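Participant: Sequence and computational prediction follow.
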Amino acid sequence: MEALAAQARQIVSDHALPLLQQLRPYAQPIYQGHLYFQDLLSTEHNVIPHMPWEEQLSKTTGLSLSQFRFTLALFVSVLLVPGIRLFRSPTLRHLYALVTGIAVIYYPFGSGIIHVLPMAVAAYLALLLAPRRAGAIGWCTVFPYLIYLHVVNASGESWKTGNMDFTGGAMVAVLKLVSICVCRSDSFRKNKEDLTAYQAAHQLVSTPTPLEFLSYLFGLGNLLAGPFFEFTDYKDFMELKGPWARNAGRPMPGVLGHGLLAFLEGLWHMGVYLALTLNGWNMDHYHSAWYYSQPLAIKCGAICVIGLVYQLRYYFTWKITEASYVFAGLDFIGYDSSTGKPQWGRCRNCSFLGVWLADSARNVPLNWNICTGNFLRRYVYERVTPRNRRPGFQSLLFTQLVSAVWHGLYAGYMMFFFGTAVWIYFSQILYKTEAYMPRALCNSLPYRAIKIMWTTFVLNYMACAFQLLDFHSSMEAYASVNYFPYILMLVVNVLGSFVKTKRAPRPPTGPGGAVPVTANGNAHSKKSA
């Protein structure tokens with residue numbers, strides 16, 4: 001062995017090192033070019049300099065400058081996005097959406113928005129040159145570039161410290177670009193029966209024009225915080241077709257009341273968030289002596305409060321965004337055929353009470369990041385499941401891992417989304433077991449209250465990893481309550497796998513436990529609209 005090691009060292013010394021020395025003059029410019037590219041696309045390159053009043057207000061609110069600019073951009077979008085209603089011409093509507101959309105996202109992110117161009121170019125070339133394979137090309141080009149952005153920007157750690165960059169916008173762009181490429185490929189299916197009703201309704205029989213493509217990608221400030229919606233729905237909105245058509249039977253209802261409710265709810269979430277953070281509630285508690293000195297019940301309560309603080313930022317962002325799309329009319333779905341009442345929710349991405357009053361893991365994704373869950377179901381979960389077979393745990397786990405990588409390459413994301421797969425399976429076992437329990441008990445208020453408390457705690461317990469990101473800190477937080485949620489779920493999952501189904505199961509759950517897409521207001525087919 002020593003002789004082999006000596007021989008290997010000699011080979012490296014005689015051949016490898018001289019070769020590296022020869023390549024060094026070429027590698028250095030490449031490395032310097034990479035650094036220049038990263039510097040060019042940073043948020044520091046912004047023709048709008050930081051102003052004294054921004055710095056003052058950011059200190060007053062406890063937000064970083066990047067967070068403050070992002071928040072202000074959200075409020076500006078509420079004023080700009082509804083301006084689309086001033087135009088009837090599709091071309092003018094696309095141009096207005098594109099110009100205002102880029103302006104809104106440039107203010108907080110600066111030249112960082114150029115990061116979306118490599119993805120956009122790759123996707124549009126696939127649509128033009130290889131539309132039959134556009135879906136596969138989109139996944140293989142757009143998604144890896146997002147991973148690159150996560151790595152070079154250390155996005156998770158950056159967000160934890162309050163520094164926001166365009167990686168979040170790129171995440172939304174990936175959903176749009178992958179979906180539009182896959183929908184184009186769907187139109188080339190020889191056997192149209194292979195398409196689901198949803199896929200058939202959203203397939204693209206022709207490649208969008210450059211203006212339509214860019215408007216969909218950048219338009220109406222959507223890259224600030226989403227939500228994801230289908231290109232076919234967006235195109236109908238811009239061309240005033242479908243539920244927005246003048247000859248649709250009934251005019252679109254008034255938007256003021258519904259939009260104000262969403263806007264005020266967003267302000268409420270922001271106020272509660274500021275109140276809690278200014279009083280010291282944040283992730284630092286997971287490292288504090290106070291937290292570890294508390295009994296188990298107090299620790300469980302603290303985990304829920306910390307989870308609430310972390311969620312409130314998203315509730316605020318999503319509700320303000322929803323308000324802007326309500327005022328613009330994009331959130332409108334149509335009139336209910338049975339009641340005649342207007343339906344809203346195309347751009348609804350969350351429901352605070354829906355999350356905190358959920359009595360099962362399968363109900364949480366119906367109320368949290370709804371539109372992303374719709375994408376995961378339609379473009380991952382359903383498509384990795386073999387034809388004519390029911391989706392199983394493998395499909396669910398794969399979908400959750402795709403979601404984890406989409407968020408970033410951090411152990412905490414992997415731990416959280418793997419845990420949600422275990423949690424969803426636990427909820428399915430519990431549902432199957434309830435068939436053997438007295439109906440009066442299952443329908444009783446105390447039993448439902450226990451399920452709500454369990455669901456709330458487990459969600460925020462597993463979200464510790466999502467917040468802390470690194471493996472060591474996440475395991476410490478999990479260990480602080482002796483891992484009892486995971487132990488209980490694993491025991492139930494193993495024993496429950498031997499329980500036979502007594503009644504017909506509910507519709508198959510999707511990623512994160514989501515029910516079929518027609519069950520929520522945002523996820524509807526083009527035909528039902």
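Facilitator: All right, it came through fine. Please read these numbers as outputs of a predicted model, since none were measured by experiment. Numbers count the residues shown, from 1 in each chain.

Participant: How about residues contacting the helix or strand Ser395 falls within?
Facilitator: Here Ser395, judged by DSSP states H and E, is contained in helix 393-407. By C-beta atoms under 8 Å, 6 or more residues apart in numbering, the surrounding residues in contact with helix 393-407 are 143, 146-147, 156, 171, 174, 372, 376-377, 380-381, 384-385, 413-414, 416-418, 420-421, 424-425, 466, 509-512. Just so you know, the C-beta spots here come from the backbone N, C-alpha and C atoms, and that holds for glycine as well.

Participant: Just give the number of residues close to Asn367.
Facilitator: Asn367 has 20 neighbouring residues, counting by other C-beta atoms under 10 Å.

Participant: Which residue is the nearest non-sequential neighbour of the residue nearest the centre of the chain?
Facilitator: The centre of the chain sits closest to Thr372, judged by C-alpha atoms, centre = their mean, with a distance of 4.6 Å. Of all residues not flanking Thr372 in the chain, Phe228 sits nearest, at 5.9 Å (C-beta to C-beta, 6 or more residues apart in numbering).

Participant: How confident was the prediction at Pro438?
Facilitator: Here, the pLDDT recorded for Pro438 equals 91.

Participant: Point out where the stretch 201-350 of the chain drops to low pLDDT.
Facilitator: Per-residue confidence for the stretch 201-350 of the chain (pLDDT under 70) gives these ranges: 248-249.

Participant: what residue ranges in this protein score low on pLDDT?
Facilitator: 1-44, 161, 248-249, 503-529.

Participant: repeat that with 80
Facilitator: Judged by pLDDT under 80, the chain has its weakly predicted residues at 1-47, 62, 153-163, 192, 246-250, 280, 386-393, 497, 499-529.

Participant: List the buried residues of the longest helix anywhere in it.
Facilitator: Taking DSSP state H as the criterion, the chain has its longest helix at helix 296-328. Within helix 296-328, the residues that count as buried by 16 or more other C-beta atoms under 10 Å are 299-300, 302-304, 306-328.

Participant: So which elements touch the next helix or strand after that helix?
Facilitator: Heading C-terminal from helix 296-328, the first helix or strand you meet, by DSSP H and E, is strand 332-335. Contact here means 3 or more C-beta pairs under 8 Å, 6 or more residues apart in numbering; DSSP states H and E; on that basis strand 332-335 packs against strand 342-344.

Participant: The strand it packs on: partners in the sheet, and parallel or antiparallel?
Facilitator: As defined by DSSP bridges, the strand partners of strand 342-344 come to strand 332-335 (antiparallel).

Participant: what distance separates the partner strand from the centre of its chain?
Facilitator: 24 Å (C-alpha atoms, centre = their mean, to the nearest Å).

Participant: Would you indicate which residues of that strand are buried?
Facilitator: Phe332, Ile333, Gly334, Tyr335.

Participant: Same check on stretch 468-484?
Facilitator: Leu468, Leu469, Ser473, Ser474, Met475, Ala477, Tyr478, Ser480, Val481.

Participant: now the first one, nearest residue through space, not along the chain?
Facilitator: Closest residue to Leu468 in three dimensions, ignoring its sequence neighbours and counting by C-beta to C-beta, 6+ apart: Ser474, at 5.0 Å.

Participant: Three-state assignment for that neighbour, please.
Facilitator: When classified by DSSP: H, G, I helix; E, B strand; the rest coil, Ser474 comes out as helix.

Participant: residues touching it, list them.
Facilitator: With C-beta under 8 Å, 6+ apart, Ser474 has these contacts: Ala411, Gly412, Met415, Cys464, Ala465, Leu468.

Participant: ok, so of those, who is nearest Leu217?
Facilitator: Within the contacts of Ser474, the smallest distance to Leu217 is 29.4 Å, found for Gly412 (C-beta to C-beta).

Participant: distance between whichever strand or helix holds that closest one and the chain's centre?
Facilitator: Using DSSP H and E, Gly412 sits in helix 411-433. Here the centre of mass of C-alpha atoms in helix 411-433, compared against the chain's by C-alpha atoms, centre = their mean, lies 18 Å away.

Participant: Need the phi and psi values for Trp281.
Facilitator: phi -90, psi 110 (degrees, to the nearest 10).

Participant: From Val499, how far out is it?
Facilitator: In this view, Trp281 and Val499 are 40 Å apart by C-beta to C-beta, to the nearest Å.

Participant: With Pro227 instead?
Facilitator: 38 Å.

Participant: Would you mind telling me which of these two has more residues around it?
Facilitator: Between Pro227 and Val499, counted using other C-beta under 10 Å, Pro227 has the larger neighbour count: 24 against 13.

Participant: ok, that one - contacts?
Facilitator: Contacts of Pro227 by C-beta under 8 Å, 6+ apart are Trp318, Thr321, Glu322, Cys347, Arg348, Asn349, Ile370, Cys371, Thr372, Asn522.

Participant: Not counting sequence-adjacent ones, nearest residue to the second one?
Facilitator: By that I understand Thr321. Thr321 sits nearest to Ala225 (C-beta to C-beta, 6+ apart), 5.1 Å away.

Participant: Tell me the buried residues in the helix holding Gly412?
Facilitator: 411-432.
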